[in-house]
Structures are given as structure tokens and as C-alpha cells.
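Colleague: A structural model of the following input is requested.
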Amino acid sequence: MLTRAPERVPSPVPPVAEATRAATIGLALAAIALVACYAALPGARAWLEGEGGLTDLATPVLLVIAAMAAWWGIRHTPGAPGACWLLPAAALLGALDEVHYGTGFLGYHPPQVGPVAIDGFTALLAAGKHLAATQLGLSTLDLAAAAALVAAGAAFLMARERRAPRALAWLADHPPAVHLLAAGVLVLAATGLDLFAVGSIPAFIEEWLEFVAAGLLVRGALLIPRRDPAVSGWRHRLRPWLEGEAPQRALPPAVTRPGL
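Modeller: Numbering: from 1, shown residues only. Okay, the predicted model is just below:
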């Protein structure tokens with residue numbers, strides 16, 4: 001006789017699996033659609049790549065969504081690690097950076113370093129590049145070589161202290177941190193394009209990378225409430241039934257042959 005499943009009741013755990021799957025598919029399709037429109041519609045490229053265009057406007061919207069989702073997830077997740085607060089903080093700072101800290105709609109003028117107005121993180125790096133070129137005589141190649149040396153030194157220190165395996169193990173247990181790290185790498189790549197590349201295509205790639213980074217933060221925020229992946233979402237709602245008496249189906253009687 002079949003055991004009747006319990007009546008459906010609200011789950012104390014958010015449907016993490018369903019929400020994450022829907023967000024992943026939706027954001028991936030949106031990113032692909034942006035690239036397809038840029039390639040197929042030359043007349044719309046200025047709107048897609050420019051400041052105040054579709055890609056540029058969608059990024060801060062996603063960052064605000066990521067900050068709100070992360071805040072809600074942390075508040076509703078008992079025992080959430082304190083490091084989880086880095087994700088909404090990064091999303092909020094990114095959203096403020098995308099709108100240039102309100103310089104456009106609040107009407108105030110930020111300080112300037114030479115021709116560069118300090119209205120965001122990229123502008124701060126551009127000001128540093130300007131000072132390095134005018135005061136120290138360093139070219140773009142010199143700055144790139146210095147950055148490579150710093151990265152190589154950091155990698156050597158991590159390898160020497162054997163911190164890389166521990167860091168990888170920690171990241172494997174904290175998917176939101178992996179998404180935050182991946183988003184940071186994409187933002188650094190976009191910043192490099194903004195500082196050192198010129199042209200229409202690099203401008204679109206920069207905005208697209210920032211859009212993808214914001215999408216990664218949204219996905220990472222949705223994973224914060226995940227305590228046990230095996231019982232997330234609809235699996236959690238089925239868990240009382242699955243852990244109870246297993247459904248027993250009527251089996252046909254065993255057939256025995258004479259003489260056996």
C-alpha cells in the first residue's frame with residue numbers, strides 16, 4: 001500500500017535550487033543576447049556600449065538586486081559566516097561606482113587630478129596612471145610590468161606559506177566566495193580595458209564584463225542560504241516523506257520451479 005505524502009506546507013528553507021537555476025539561465029541568456037545584438041545590429045552598438053546605454057544601466061540594477069538578495073539571505077540563514085557580508089558590501093560599492101557616486105543626478109563636482117575627475121574606482125586608477133606618467137615618467141608597459149611583478153610575488157608567498165591549498169579548500173566550502181572572487185577578476189579585466197584599450201569593441205567588452213560580474217554576484221547571493229545542497233528547494237519539501245516509511249508496492253509472488 002502506498003504511503004500518502006504529507007500535505008504541502010511552506011518550507012523553512014528558501015527554494016535555493018530553483019531560484020539559482022532560474023537566475024543562472026536568465027542571466028546567461030541575457031549576456032548572450034547582448035553579444036548577439038551587438039554583433040547583429042551595428043546601428044544599436046552605440047546604445048549598447050556607451051555610458052548610459054543598456055549594458056551600463058543593467059549593471060547597477062543587478063548589483064542592487066545582488067545586495068538586497070545577499071542581505072536577505074544572510075538575515076534568514078542561521079550561522080551564516082561573517083565573510084558573507086563581503087558580497088553585499090561589494091555589490092553596494094559596485095552599484096555606487098557604476099552611478100559615479102551620484103555625481104550625475106546630485107549635481108556636485110568631484111575632485112580632479114589633472115584631467116581625471118575622481119568619481120569612481122576606475123577614475124581613481126586613471127588618476128594614478130596620470131600621475132605615474134606625468135610625475136614619474138612611467139609608460140603603460142611599465143605599469144603592466146609592475147603589476148605582473150606584484151602578482152608573481154603574491155603567488156610566490158602563497159606557495160611558500162602553503163596557503164593555496166587551504167584557500168582552495170575554504171573556497172570549495174563557500175560558493176558565494178567563489179562567485180565574489182570570479183566577479184572581482186572580471187572587474188579587474190574590465191578596468192584594464194578601460195585604462196589601456198581604446199575603441200568601440202573594447203568599450204563594449206568592458207561594459208559586458210561588468211554586467212557578467214554583477215550577474216555572478218546575484219547568483220552568489222542566492223547561494224548564501226544554502227546550508228545542505230541535498231535538501232535545498234523542493235528536495236527539502238519532500239524530505240519528511242522520503243525519510244518516513246518508504247512506499248511499498250505490491251510485488252508479485254515469487255515463482256518457484258519444482259525440484260528447486
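
Colleague: What average pLDDT does stretch 201-219 get?
Modeller: If you average the pLDDT over stretch 201-219, you get 92.

Colleague: ugh, wrong one, stretch 154-161
Modeller: 69.

Colleague: host element of Leu29?
Modeller: helix 16-40 (DSSP states H and E).

Colleague: Mind telling me what element Leu171 is part of?
Modeller: helix 164-172.

Colleague: Quick one: list the elements packing against that helix.
Modeller: Using 3 or more Cβ pairs under 8 Å, 6 or more residues apart in numbering; DSSP states H and E, the elements in contact with helix 164-172 are helix 175-196. C-beta: built from backbone N, CA, C; applies to glycine.

Colleague: Quick one: list the elements packing against the helix it packs on.
Modeller: Using 3+ Cβ pairs under 8 Å, 6+ apart: helix 175-196 touches helix 86-98, helix 121-135, helix 164-172, helix 200-222.

Colleague: Next, the angle from the strand or helix carrying Leu149 to helix 164-172.
Modeller: Using DSSP H and E, the element containing Leu149 is helix 140-160. Counting by axes from the mean of the first three to the mean of the last three Cα atoms, to 10 degrees, helix 140-160 lies at 90 degrees to helix 164-172.

Colleague: Now do the contacts for Val212.
Modeller: 31, 186 (Cβ atoms under 8 Å, 6 or more residues apart in numbering).

Colleague: Could you list the residues in contact with the helix or strand hosting Pro60?
Modeller: Element membership of Pro60, judged by DSSP H and E, is helix 54-75. Applying Cβ under 8 Å, 6+ apart, the contact partners of helix 54-75 are 14, 27, 30, 34, 47-50, 80, 84-85, 87-88, 91-92, 94-95, 98-99, 176, 204, 207-208, 210-211, 214-215, 217-218, 220-222, 224-225.

Colleague: Please apply the same query to stretch 177-191.
Modeller: Contacts of stretch 177-191 (Cβ under 8 Å, 6+ apart): 83, 86-87, 90, 94, 121-122, 125, 170-172, 205-207, 209-210, 212-214, 216-217, 219-220, 223.

Colleague: Buried members of those into ChimeraX, please.
Modeller: Selection of the buried residues among the contacts of stretch 177-191 in ChimeraX, burial being defined by 16 or more other Cβ atoms under 10 Å:
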select :87,90,94,122,125,205,206,207,209,210,212,213,214,216,217,219,220,223
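
Colleague: Can you say which of the helices and strands packed on helix 175-196 is nearest to Arg21?
Modeller: helix 200-222 (9.6 Å; Cβ to Cβ).

Colleague: Leaving out the residues flanking it, which one is nearest to Pro81?
Modeller: Spatial nearest neighbour of Pro81, excluding adjacent residues (Cβ to Cβ, 6 or more residues apart in numbering): His174 at 6.8 Å.

Colleague: Got phi/psi on that neighbour?
Modeller: Dihedral pair for His174: phi -130, psi 80, per degrees, to the nearest 10.

Colleague: How many residues are close by it?
Modeller: 18 (other Cβ atoms under 10 Å).

Colleague: again with the one 4 residues further on
Modeller: Around Val178 sit 17 other residues, with neighbours defined as other Cβ under 10 Å.

Colleague: Which secondary structure element of the chain has the lowest mean pLDDT?
Modeller: Lowest by mean pLDDT, DSSP states H and E among the helices and strands of the chain is helix 234-243, with a mean of 47.

Colleague: where does this structure have low pLDDT?
Modeller: 1-15, 101-121, 123-125, 127, 130, 140, 158-164, 226-260 (pLDDT under 70).
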